[in-house]
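> sequence first, then the predicted structure, then my questions.
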Amino acid sequence: MLSRVDRNSETKQAIAVAEKTAMQPTRILLPIPEEITERYLEIREVKTGKVITAIEILSPKNKRTGEGREAYLRKRRRFLQTQTHLIEIDLLRSNPSFLQGQLPLSDYHILISRSHERPNADLYPFSIRDRIPDIPIPLRLGEPEPILDLQALLHQIYQRGRYDLAIDYSQAPQPPLSMEDEAWVRSLIEKS
């Protein structure tokens, strides 16, 4: 709103001056770049420090479309181009898998990619009703592969982390289970 006109005596020109008003800002949301920290377990050779095996437990950020997925795919490609063995543990039912081709129908999977067998890899598919499979941990070529009991490890983490206190089992899991799996889960909860 213009309200006053000042005249400059030297130039004989009029200058319009805007009157102060109490303008309120509009609140907006700025997209903040998300810092992505990817953590994984490495098995290294003692003498050289060379990474022998990398174990990845996929997170929602890894699988969700966007920067996190792209960052993980870059890291995954780096592993697959080296002599490092890769173990990828996918315990998430949401978002598309990184795997391609004809895959067995399963809720979850564990991929073991031994560097000397690429492009072939071993896939351990399993459902919510199955025990998590024991998996071999590839080390240096010719060395015996120790077996990791992931189910027992998961139970230890669950108990030590007191997740029974943090998880609300009255809420439906996301994404939703099939009707058959949901009935199976409810029967387990009722028994405990």
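Perfect, thanks for sending it.
> shaky segments in this structure?
Residues of the chain meeting the criterion pLDDT under 70: 1-19, 34-38.
> redo that, cut-off 80
1-23, 28, 31-39, 95-103, 192 (pLDDT under 80).
> that one: helices as residue ranges?
Assigned by DSSP state H, the helices in the chain fall at 60-63, 67-80, 150-160, 163-166, 179-191.
> closest one to Ile137 among these?
helix 150-160 (10.6 Å; CB to CB). To be clear about C-beta, it is placed using only N, CA and C from the backbone, and glycine gets the same treatment.
> and that closest one, C-alpha only, in CSV?
Only the C-alpha atoms of helix 150-160 are listed here, as CSV (Å, rounded to 0.1, in the frame of the first residue of the first chain):
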residue,chain,number,x,y,z
LEU,A,150,20.8,-66.6,12.8
GLN,A,151,17.6,-67.7,14.6
ALA,A,152,19.4,-68.2,17.9
LEU,A,153,21.3,-64.9,17.3
LEU,A,154,18.0,-63.0,16.6
HIS,A,155,16.5,-64.5,19.8
GLN,A,156,19.5,-63.3,21.9
ILE,A,157,19.3,-59.8,20.4
TYR,A,158,15.5,-59.7,21.0
GLN,A,159,15.9,-60.8,24.7
ARG,A,160,18.9,-58.6,25.5
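> name the residues that touch it?
89, 110, 131-135, 163-164 (CB atoms under 8 Å, 6 or more residues apart in numbering).
> pick the most deeply packed of the helices of the chain.
helix 60-63 (a mean of 17; mean count of other CB atoms under 10 Å).
> pick out the residue nearest the middle of this structure.
Ser59 (2.2 Å; CA atoms, centre = their mean).
> about what we covered before: closest one to Arg44 among the helices of the chain?
Closest approach to Arg44 among the helices of the chain is made by helix 67-80 (13.9 Å; CB to CB).
> hmm, who's touching that closest one?
33-34, 36, 38, 54, 56, 58-59, 61-63, 86, 88, 95, 98, 113, 118.
> what about stretch 161-169, how long is it end to end?
Terminal residues of stretch 161-169 are spaced 16 Å apart (CA to CA, to the nearest Å).
> ok, now stretch 54-62?
In stretch 54-62, first residue to last residue: 15 Å (CA to CA).
> contacts for it, please.
36, 38, 40-43, 68-69, 72, 76, 79, 84-92, 94-95, 137.
> swap in stretch 92-105?
58-60, 63-65, 69, 73, 76, 88, 90, 107-109, 111, 123, 125, 128, 174-175.
> how far away is the nearest residue to Trp184 once chain neighbours are set aside from Asp181?
Distances taken as CB to CB, 6 or more residues apart in numbering place Arg129 nearest to Trp184, at 6.0 Å, with adjacent residues excluded. Arg129 sits at a distance of 7 Å from Asp181 (criterion: CB to CB, to the nearest Å).
> which residues sit in contact with Asp164?
Per CB under 8 Å, 6+ apart, neighbours of Asp164: Tyr158.
> can you tell me which of the contacts of helix 67-80 are buried?
Buried subset of these (neighbour count, 16 or more other CB atoms under 10 Å): 54, 56, 58, 61-63, 86, 88, 95, 113.
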